[in-house]
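*Asks:* This is the structure alone, sequence omitted:
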Ligand code: ITT
């Protein structure tokens, strides 16, 4: 079976991507599965640039069909912050980053705490050297305190409009139906599930990077 590498160091992302892509006809590998140890520095100025950077750097080195993902939380009252800085805006743990956000929004009323998660997935094919991106988003509010322990990252403070509860309260299968990542991956799946051979298909539709 053909292999598809997930180029992320985030175990929460690995779990979700493996779950969402479980029905495709590829053997899905994580970086740990193949013993890949290097880190890719995220120097891009957008989700798209960073997702492409991760997919291409690791796909070229491993020679595997590779997906990279870049995602973030955008808070309207903070002019979209932290966005591409979501993983690194504050030193420390996920809890420290959540505390920083709750502090910044402490005087903001519920109706003005609107936010969204965004995800961009880049698919890099080492045979054709072509790359294609897929995006997804989901809308919600930032709660005033943590609610629920499921998911990862900001999930305990992200109240999903689709689910009517926080991602921290949601089961994996609920989040993975409507999340930003699920929506981007659904678009990717349509390409991967095509009956045309992958190299031919990408030759026809993907943007060449070289
Ligand atoms: P990789 O670069 O190795 O993929 P990362 O965690 O550094 O891992 P990003 O640079 O894309 O990934 O950072 C995205 C951050 O946004 C992530 O660390 C979380 O804090 C947050 N985030 C993104 N999607 C999320 C989700 O579904 N649930 C909770 N937090 C999420």
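*Replies:* Cool, the structure landed. Bear in mind that the values here come from a model prediction, so they are computed numbers and not experimental data. Numbering: from 1, shown residues only.

*Asks:* Now do the contacts for the residue in the chain positioned nearest to the ligand.
*Replies:* Residue of the chain nearest the ligand, by Cβ to the nearest ligand atom: residue 153 (2.4 Å). The C-beta positions use only the backbone N, C-alpha and C, and glycine is treated the same way. Residue 153 sits next to 12, 73, 86, 94, 97 when contact means Cβ atoms under 8 Å, 6 or more residues apart in numbering.

*Asks:* so which of those is the most crowded?
*Replies:* Tallying neighbours with other Cβ atoms under 10 Å puts residue 73 at the head of these, with 26 neighbours.

*Asks:* Need the three-state assignment for that one.
*Replies:* At residue 73 the chain is in strand, as set by DSSP: H, G, I helix; E, B strand; the rest coil.

*Asks:* ditto for residue 36
*Replies:* On the basis of three-state DSSP, residue 36 is classed as coil.

*Asks:* Please verify my assumption that it contacts residue 58.
*Replies:* Yes. Shown here, residue 36 and residue 58 form a contact pair, counting by Cβ atoms under 8 Å, at 6.7 Å.

*Asks:* Need the contact partners of the biggest helix by length in the chain.
*Replies:* The single longest helix within the chain, with elements called by DSSP state H, is helix 47-62. With contact meaning Cβ under 8 Å, 6+ apart, helix 47-62 is reached by 5, 7-8, 31, 34, 36, 38, 40, 42-44, 65-72, 83-84, 118-126, 131, 133, 135, 209.

*Asks:* sorry, back to before: residue 36 and residue 58 - which one has more neighbours?
*Replies:* Between residue 36 and residue 58, counted using other Cβ under 10 Å, the more crowded position is residue 58 (24 against 17).

*Asks:* Show the low-confidence segments of the chain, by residue range.
*Replies:* Residues of the chain meeting the criterion pLDDT under 70: 195-210.

*Asks:* Contacts for stretch 24-37, please.
*Replies:* Contacts of stretch 24-37 (Cβ under 8 Å, 6+ apart): 1-9, 14, 17-18, 21-22, 58, 61-62, 64-65, 189, 192-193.

*Asks:* Stretch 64-81 near the ligand anywhere?
*Replies:* Yes. Against the ligand, stretch 64-81 shows contacts by Cβ under 6 Å from any ligand atom at 69, 70, 71, 72, 73.

*Asks:* can you give me the strands for this structure?
*Replies:* Assigned by DSSP state E, the chain shows strands spanning 3-6, 27-30, 65-75, 114-125, 130-142, 158-160, 165-166, 207-208.

*Asks:* can you list the residues of the protein near the ligand?
*Replies:* For the chain, the residues in contact with the ligand (Cβ under 6 Å from any ligand atom) are 8-10, 13, 42, 69-73, 86-87, 117, 151-155, 179, 181.

*Asks:* Is the closest residue to residue 165 other than its chain neighbours bridged to anything, and to what?
*Replies:* In this structure, residue 165 finds its nearest non-sequential neighbour in residue 159, 6.9 Å apart by Cβ to Cβ, 6 or more residues apart in numbering. Residues in a beta bridge with residue 159, per DSSP bridges, are residue 141, residue 166.
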